[in-house]
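Novice: Task: produce atomic coordinates for the following.
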Amino acid sequence: MNRQDILMAVVALLLACFAFAAAIRNRDQDYRLRKIRWIDQRWGRRTARLVYAVMGLLLAALGLAILCGWSVLG
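Specialist: Numbers count the residues shown, from 1 in each chain. Sure, this is the predicted structure:
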């Protein structure tokens, strides 16, 4: 594993933490992104929070997979 792998894993994990925090805190400033705002207006804040939580789970899984040495090219 090289530095780039570690950097990408750390970035994915930090973004996962941001997504989880946005889903938990439920503050308006976290929902200003265009796509999340569209989901919020169309289906409500509860669905937007769920999208943030799922995105956080996927990013956390990606970060952990990279740290464990998993690779698509394998």
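
Novice: So which residues make contact with the helix or strand of the chain with the lowest mean pLDDT?
Specialist: Here the helix or strand of the chain ranked lowest by mean pLDDT, DSSP states H and E is helix 34-43, holding a mean of 93. With contact meaning CB atoms under 8 Å, 6 or more residues apart in numbering, helix 34-43 is reached by Asp30, Tyr31, Thr47, Ala48, Val51, Tyr52. (Each C-beta comes from the backbone N, C-alpha and C, glycine too.)

Novice: Just give me the neighbour total for the closest residue to the first one other than its chain neighbours.
Specialist: The shortest distance from Asp30 to any residue that is not its chain neighbour, by CB to CB, 6 or more residues apart in numbering, is 3.7 Å, and that residue is Ala22. Applying the criterion other CB atoms under 10 Å, we find 22 residues in the vicinity of Ala22.

Novice: show me what contacts Ala22?
Specialist: Counted by CB under 8 Å, 6+ apart, Ala22 has contacts Asp30, Tyr31, Arg49, Tyr52.

Novice: Could you provide those in JSON lines, with additional columns for distance to Ile39 and pLDDT?
Specialist: Formatted as JSON lines, the contacts of Ala22 follow (distance: CB to CB, whole Å; pLDDT from 0 to 100):
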{"residue": "Asp30", "distance to Ile39": "13", "pLDDT": "87"}
{"residue": "Tyr31", "distance to Ile39": "9", "pLDDT": "89"}
{"residue": "Arg49", "distance to Ile39": "10", "pLDDT": "95"}
{"residue": "Tyr52", "distance to Ile39": "9", "pLDDT": "94"}
